[in-house]
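>>> No sequence on hand, only this structure:
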């Protein structure tokens, strides 16, 4: 994608969130790649996961070491082909990369919102993304695409805006979290909230950050993103230092890796946003309003669906994606699905894999053809 | 078992641990149930896991709410039948329930050892358990039995004392930890060590305890002890409080359960011991001295083996137990194995299950018959 730049959209509208709290206005930071065609029919929305943001592809400066988080997949000639699609990435409300969130000033107090920032749900995100689409002149997305928490947004789009989404691409996402999923999220939240530097979420004013808690939260998350086999292949029982025979100063490579991942994440991500995002994950349950019946929940959707899962993903396993597929079939919807063989666990959705990219690229190619006819 | 009482054995002997540090002497706290026969041939050693101790069965007082940790399995008429076996439970060296460990006074300083207590390995435990056996007049155990970390001790017994163990019963234990296993342990350690009240392990002197860290460590452990399906059946997405529709004050039952488990554990267990025990788990690798060849590692064993695993255990899965079985078969050893169908994950080894208890009881019955002939 080369060099890209973020944009900011300010909304003066009052926004009443699902939790009942009204924001007097808000900002969304976003990026676009490619060109919106004259028919305004080639727009694709990329929804991010727990720690993602609007910067999905390209570099911000020539010196950037890392491109956007899904640069493998988005760009000219890539599965989400910017020569053909107008791609929109957005930092969700409650995020920490420029959109209004816990780091932003609460107009009522003049201080950062902190932990007092209202609870935001997947439904709220979809609604604000639709407001951004209006601003961009996009009435109907050719596709809404996301992995993990992003996939949940794609699904909610199909339910809440049946006429504004042609294709919902739901990757490595369950119809709702299991007790085990919630448990891991709660441990991560507890790690942050029990860090003395969290200060009840008002750490900004004290010029502190709950680094230890956020580091732990990320370490826990990371283990659940990788597969047991994948970690075995990558790290095994290799030592970083020490001698296991004499049980002295032993550090395994996997420990060193987790420390590195945890430390770097804790320097750049906001702890209140982390808590907010995990809550959105936990609360997501589109079938709640239809007494747990997912078939009824998707009854009014008009989108075509692509549901993808990865063989070694134990966080959101293929069986969980299968529940979505089953409900769509039962509701007589148009659904294509595949389980991609990959050793990388939940992280697979971010990683190049020949079959994955062929399925995704092929589906989008067919989607364009269908839109043109 | 009724009321039981712990005993204390003091050893004046200097003990040089695998890490090279020499202890000038040490105590082991233990309990026995049943009667040692005249031939001294009916002794069974119970090895405990991460958070266990010597109190494996019975009650300490008539008012005790909870019996010993394996009371389901040990007692008159139970699989480990105290009418027929002389059962020994011991708190391992480094423990926090009476045996010498981080809580004990370091004679060199007059202060508690704390984090300076030397690293202890499974091999060290087996050696000190053999010293306790000498003290009890037991030359050869009819069986050494343990689940999880306890199973690793049973295996090490067969390797280190081939003539002192007739049967090794290894339940829900792998031949060594995977990278994922180590990762979870390291996160638990990191949670404890990054708690400001840990004070580098010298929290006793400051009259503090790293409760937050130990609570987190236990919460992480707990999720890995239960199965995804088991948690789903038990908790699902049931709410303890709040309303998910309005995303207000939501607490899921599983969150409440984890808080309760974590809090109660953090009040009674020692954090330095927790770190020490997880290190012993990580370092266990009986094949290390034979270049990773487990077949060679068990070549000199004389014990008969029973290897048990549980279908839903993802911490130490049936496939990992299968690696031990395969090595024993390749080494032409006498091995019986079974995978027990159970929804309770790794915790299954502590829980009544008809087939599990029949297999274990039947194997031990046959073991006695073989010893008698």
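Yes, it's here. The structure displayed is predicted, hence computed values, not measured ones.

>>> Give me the neighbour count for the nearest residue to residue A:285 once chain neighbours are set aside.
Counting by CB to CB, 6 or more residues apart in numbering or on different chains, the nearest residue to residue A:285 once its immediate chain neighbours are dropped is residue A:176, at 4.2 Å. Yep, even glycine has a C-beta here, placed from its N, CA and C like the rest. Residue A:176: 21 surrounding residues under other CB atoms under 10 Å in any protein chain shown.

>>> residue contacts, residue A:176?
By CB atoms under 8 Å, 6 or more residues apart in numbering or on different chains, residue A:176 lies in contact with A:284-287, B:237.

>>> mind listing the helices for the stretch 1-150 of chain A?
A:122-136, A:149-160 (DSSP state H, counting those that start in this stretch).

>>> Adding mean pLDDT, write these out as TSV.
TSV is the format used below for the helices of the stretch 1-150 of chain A (pLDDT from 0 to 100):
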stretch	mean pLDDT
helix A:122-136	98
helix A:149-160	98
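
>>> between these, which one is nearest to chain B?
helix A:122-136 (8.8 Å; CB to the nearest CB).

>>> what angle do that closest one and helix A:149-160 make?
80 degrees (axes from the mean of the first three to the mean of the last three CA atoms, to 10 degrees).

>>> Same question for helix A:122-136: list its buried residues.
A:122-130, A:132-133, A:136 (16 or more other CB atoms under 10 Å in any protein chain shown).

>>> re the thing from before, redo the helices of the stretch 1-150 of chain A as a markdown table? Include distance to residue B:191.
Formatted as a markdown table, these follow (distance: least, CB to CB, whole Å):
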| stretch | distance to residue B:191 |
| --- | --- |
| helix A:122-136 | 29 |
| helix A:149-160 | 24 |
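
>>> Including distance to chain B, could the ones you listed go into CSV?
Converted to CSV, those look like this (distance: least, CB to the nearest CB, whole Å):
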stretch, distance to chain B
helix A:122-136, 9
helix A:149-160, 14
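
>>> Quick check: pLDDT value at the residue nearest to residue A:285.
Note on residue A:176: pLDDT of 98.

>>> for it, phi and psi?
Backbone torsions of residue A:176, given as degrees, to the nearest 10, read phi -170, psi 160.

>>> Could you point out which of the contacts of residue A:176 is nearest to residue B:63?
When these are ranked by distance to residue B:63 (CB to CB), residue B:237 comes first, at 37.9 Å.

>>> Verify the contact between that closest one and residue A:285 for me.
Yes. When contacts are counted by CB atoms under 8 Å, residue B:237 is listed as touching residue A:285 (7.1 Å).

>>> which residues touch the nearest residue to residue A:74 once chain neighbours are set aside?
Nearest residue to residue A:74, sequence neighbours excluded (CB to CB, 6+ apart): residue A:57, at 3.9 Å. Residue A:57 is in contact with A:1, A:4, A:31, A:33, A:67-68, A:70-71, A:74-75, A:82, A:87, A:89, counting by CB under 8 Å, 6+ apart.

>>> try 7 Å
Applying CB atoms under 7 Å, 6 or more residues apart in numbering or on different chains to residue A:57 gives the contacts A:1, A:4, A:33, A:67-68, A:70-71, A:74-75.

>>> same thing with residue A:306?
A:167, A:169, A:336, A:363.

>>> please redo it, this time with the cut-off set to 10 Å
For residue A:306, the contact set (CB atoms under 10 Å, 6 or more residues apart in numbering or on different chains) comprises A:143, A:145, A:154, A:167-171, A:334-338, A:359-360, A:362-364, A:366-367.

>>> In strands, which of these appear?
Among these, the members falling in strands are A:143, A:145, A:167-171, A:335-338 (criterion: DSSP state E).

>>> what's the lowest-mean-pLDDT helix or strand in chain A packed up against?
When each helix and strand of chain A is scored by mean pLDDT, DSSP states H and E, strand A:248-252 comes last, with a mean of 89. Contact here means 3 or more CB pairs under 10 Å, 6 or more residues apart in numbering or on different chains; DSSP states H and E; on that basis strand A:248-252 packs against strand A:239-243, helix B:179-193, helix B:271-283.

>>> the inter-axis angle of the next helix-or-strand element following it versus strand A:248-252?
Next in sequence after strand A:248-252, counting helices and strands by DSSP states H and E, comes helix A:253-268. Counting by the same axes, to 10 degrees, helix A:253-268 points 70 degrees away from the direction of strand A:248-252.

>>> Next, name the residue at the spatial heart of chain A.
residue A:49 (1.2 Å; CA atoms, centre = their mean).

>>> What number of neighbouring residues does residue A:104 come out with?
Residue A:104: 19 neighbours (other CB under 10 Å).

>>> Residue A:144 now?
Residue A:144, neighbours per other CB under 10 Å, totals 31.

>>> ok, now residue A:45?
Considering only other CB under 10 Å, residue A:45 is surrounded by 29 other residues.

>>> can you check residue A:322 too?
Residue A:322, neighbours per other CB under 10 Å, totals 16.

>>> Same check on residue A:22?
9.

>>> I figured it hits residue A:14, correct?
Yes. If you go by CB atoms under 10 Å, residue A:22 and residue A:14 touch, sitting 5.4 Å apart.

>>> Show me how far stretch A:299-318 is from its chain's centre.
Taking CA atoms, centre = their mean, to the nearest Å, one finds stretch A:299-318 lying 14 Å from the centre of the chain it belongs to.

>>> Let me know the average pLDDT across it.
98.

>>> Same question for stretch A:99-114.
Here the average pLDDT along stretch A:99-114 is 96.

>>> And chain B, is that stretch touching that?
No. Stretch A:99-114 does not reach chain B (CB under 10 Å from any CB of the partner chain); its nearest approach is 15.4 Å.
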